[in-house]
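> Coordinates only, no sequence provided:
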């Protein structure tokens, strides 16, 4: 698997919801919606989608725009060519390369298990992805 795909999965997607959001934007590059709308369109809960949108925004993959006199925020894909290239590589690895897809899922499942284990060791509950 390509190093930039691996880095994106580890640092930005971080969980299955983050991967779903990234793949959603790659498949719908003109999407312009609220966090609630993205949750609905990806069939995920709002509380799960918000951290993924935040990570992608902080890293420059998404633009956050204020609408309705600041009453709500909408998320749109960054127009930066490198953003598009990276998301295309992620999508290609996930959808067209069965070995890369296995590796991506394994990375995300292992991360989830590590978080759960860390949460149990500290007495908290680890986040689900």
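All right, it came through fine. Because the structure is predicted, anything quoted here is derived from the model rather than measured.
> got any ranges where this protein has weak pLDDT?
Low-confidence segments of the chain, defined by pLDDT under 70: 120-129.
> The most centrally placed residue in it is in what secondary structure piece?
Using CA atoms, centre = their mean, the residue of the chain that lies closest to the mean C-alpha position is residue 18, 2.3 Å off. Applying DSSP states H and E as the criterion places residue 18 in helix 16-27.
> Could you list the paired strands of the helix or strand following that helix along with their orientation?
Moving toward the C-terminus from helix 16-27, the next helix or strand (DSSP H and E) is strand 32-33. Applying DSSP bridges to the sheet, strand 32-33 is found paired with strand 72-77 (antiparallel).
> could you check the angle helix 16-27 makes with the partner strand?
Here strand 72-77 runs at an angle of 70 degrees relative to helix 16-27 (axes from the mean of the first three to the mean of the last three CA atoms, to 10 degrees).
> Please point out which parts of the helix or strand following strand 72-77 sit buried.
Counting by DSSP H and E, the element after strand 72-77 in chain order, helix or strand, is helix 81-96. For helix 81-96, the neighbour count (16 or more other CB atoms under 10 Å) marks 83, 84, 86, 87, 89, 90, 91, 93, 94 as buried. Placement of C-beta: from N, CA and C, glycine included.
> From residue 105, how far out is the second one?
When you say that, I think you mean residue 84. 24 Å (CB to CB, to the nearest Å).
> quick revisit: tell me the one among the buried residues of helix 81-96 nearest to residue 14.
residue 90 (12.8 Å; CB to CB).
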